[in-house]
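Engineer: task: produce atomic coordinates for the following.
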Amino acid sequence: MSTRSNDLPPKERDSVQEEVVDLIPALRAFARTFCRNGSDADDLVQETLTKALANVERFRRGTRLKSWLFTIMRNTFNTRYKIETREPPGFKDCVSADVQCDPTQEWCFRGRELLTAIDRLPMHYRDVVVHVAMGESYIATAEMCDCAVGTVKSRLYRARQLLARDLGEDDDEPWKTGSG
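Structural biologist: The predicted structure is shown next:
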């Protein structure tokens, strides 16, 4: 047996345990101040007794056993209350539902769909879409494709319509931005 400074000798430990049993009615009455439901109060008493008997060596003679037990009960109740009142997962306005950043999976998938749809475009439309998407001006794209600027704009418009149809977009002009 370890000999800590506050360890009780076995005879005294048995005496304290008997006193704890004698205080059960007082513990039940005190538990009813915390819990309206009788079975919840009994659970609180049982948990308090379990903690007290497991730590009976920590009780110091010369102090009031009843106060020590009531302190254990109050702390046990407060801990249980904190745990029970935490926001449960799946709660309607749950904090965990506030995602800090949008998930990227859908955009990754949609990006692959777009690349596949661009690959299916006729070559003259695909070239215009790629050049403009890479930041080339209409004039530079027209020079590279050996056509007029108006043709580049027309091909780009038609390519966008084909892509929108291929990707299942409902808008007639999903990329219409007002810039030329």
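Engineer: what about G135, which SS state?
Structural biologist: Three-state assignment for G135 (DSSP: H, G, I helix; E, B strand; the rest coil): coil.
Engineer: residues in contact with the helix or strand hosting T76?
Structural biologist: According to DSSP states H and E, T76 maps onto helix 65-85. For helix 65-85, the external contacting residues (C-beta atoms under 8 Å, 6 or more residues apart in numbering) are 16, 19-20, 23, 26-27, 30-31, 34-35, 44-45, 47-48, 51-52, 59. The C-beta positions use only the backbone N, C-alpha and C, and glycine is treated the same way.
Engineer: what packs against the lowest-mean-pLDDT helix or strand in the chain?
Structural biologist: Scoring the helices and strands of the chain by mean pLDDT, DSSP states H and E places helix 10-22 at the bottom, with a mean of 81. Applying 3 or more C-beta pairs under 8 Å, 6 or more residues apart in numbering; DSSP states H and E, we find helix 10-22 packed against helix 38-54, helix 65-85.
Engineer: I'd like the ones you listed as JSON lines, with distance to G111, mean neighbour count and mean pLDDT appended.
Structural biologist: Shown next, in JSON lines, are these (distance: least, C-beta to C-beta, whole Å; neighbours: other C-beta atoms under 10 Å; pLDDT from 0 to 100):
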{"stretch": "helix 38-54", "distance to G111": "55", "mean neighbour count": "16", "mean pLDDT": "93"}
{"stretch": "helix 65-85", "distance to G111": "44", "mean neighbour count": "14", "mean pLDDT": "91"}
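Engineer: mind giving me a markdown table with those helices and columns for distance to L156?
Structural biologist: Formatted as a markdown table, the helices and strands packed on helix 10-22 follow (distance: least, C-beta to C-beta, whole Å):
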| stretch | distance to L156 |
| --- | --- |
| helix 38-54 | 70 |
| helix 65-85 | 59 |
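Engineer: re earlier: could you give the angle of the very next helix or strand once past the least confident helix or strand of the chain to helix 10-22?
Structural biologist: The element immediately downstream of helix 10-22 (helix or strand, assigned by DSSP H and E) is helix 24-34. Helix 24-34 runs at 50 degrees relative to helix 10-22, counting by axes from the mean of the first three to the mean of the last three C-alpha atoms, to 10 degrees.
Engineer: and helix 24-34, what does it pack onto?
Structural biologist: helix 38-54, helix 65-85.
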